[in-house]
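1. Predicted model, plus sequence, below.
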Amino acid sequence: MQQPVQAMPESVGVELMIRAVIALPIAGALGAALAFRPARRGTPPRQPAVIQTQIVLAIIGALVMIVVGASLARAFGIAGAASLVRYRSKIEDPKDAAVMLAALAVGLASGTGIYLIAAGATVFILGVLWLLESLEPEARKAFTLKIKGKDVDKLRSRVGTLLRGKVPRFEARTTGPDELAFEVSLPIKTRTDRLSNAILALDPDGKIEVEWEEQKKD
């Protein structure tokens, strides 16, 4: 019959909690020092998501070591649990992979009865992620906006005025008399249909067409 998991003695839990309160911020600070190290000339720019992931991984590493302690059984348990993780879909943000590891570490802490560590680490990691993500630039998508129609070039200035009032970033492309094209960068939550309706309203005869083509990332 399977034995129930027993919680650690209260004194041990408090001791580990004090250790975590000291270790996790130190790990985060040292991870930040590595992530924000000065870039040497000629090195490629670092992506914000990668920098943030390095900081979070340092914190997770400290959490895992607190959970493992000197227990060989826990070390093997973490190795076995980590081997079960499989990424079968593309992960856009590296932080999502780090959060998976954080969830694994918190689950292991809960499973070994270190409930204060599990709860405290969850709150701390959530706070770090909230701070890091609040510093991120707003996510954007790049589009090619095409406006087609006979003599549509006459609407160029009016379309430009409309875009300047609604789109933070856009650039006109060289086009012919029957087509206008713009490179447009929009916040990821912006609805293109509203912009399309505003552009269509510029031609009372309704003889123009509006197309949005999302640019693929390299």
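-> The structure has been received and is ready for your questions. Because the structure is a prediction, the values reported are computed rather than measured.
2. Mind jotting down where the helices sit in the chain?
-> 10-35, 48-68, 72-83, 94-111, 115-134, 156-166, 192-200 (DSSP state H).
3. out of those, nearest to V184?
-> Evaluated over the helices of the chain, closeness to V184 peaks at helix 156-166, with 7.2 Å, by Cβ to Cβ. No exception for glycine: its C-beta is placed from N, CA and C like everyone else's.
4. Would you map out the domains in the chain?
-> 10-38+46-134, 140-214 (automatic domain parsing).
5. Let's have those domains in a markdown table, adding mean neighbour count.
-> Shown next, in a markdown table, are the domains of the chain (neighbours: other Cβ atoms under 10 Å):
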| stretch | mean neighbour count |
| --- | --- |
| domain 10-38+46-134 | 16 |
| domain 140-214 | 14 |
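6. State the distance from L16 to Y115.
-> 10 Å (Cβ to Cβ, to the nearest Å).
7. circling back: could you dump the domains of the chain into CSV and include mean pLDDT?
-> What follows is those, written out as CSV (pLDDT from 0 to 100):
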stretch, mean pLDDT
domain 10-38+46-134, 77
domain 140-214, 80
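8. ok so, going back, now the helices of the chain in a markdown table, with distance to E179?
-> Shown next, in a markdown table, are the helices of the chain (distance: least, Cβ to Cβ, whole Å):
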| stretch | distance to E179 |
| --- | --- |
| helix 10-35 | 46 |
| helix 48-68 | 36 |
| helix 72-83 | 54 |
| helix 94-111 | 39 |
| helix 115-134 | 39 |
| helix 156-166 | 11 |
| helix 192-200 | 13 |
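9. now T144: how far from P25?
-> From T144 to P25 the distance is 46 Å (Cβ to Cβ).
10. just L131 next, same as before
-> 12 Å.
11. do the same with A35
-> In terms of Cβ to Cβ, A35 sits 15 Å off from P25.
12. try F76
-> Counting by Cβ to Cβ - F76 and P25 are separated by 29 Å.
13. Grab the nearest non-local neighbour of the residue most central in space within the chain.
-> The residue lying closest to the centre of the chain (Cα atoms, centre = their mean) is D93, at 4.6 Å. In this structure, D93 finds its nearest non-sequential neighbour in A49, 5.3 Å apart by Cβ to Cβ, 6 or more residues apart in numbering.
14. What of K166?
-> In space, and not counting its chain neighbours, K166 is closest to L195: 6.3 Å by Cβ to Cβ, 6+ apart.
15. and what of T53?
-> Nearest non-adjacent residue to T53 (Cβ to Cβ, 6+ apart): P94, at 4.2 Å.
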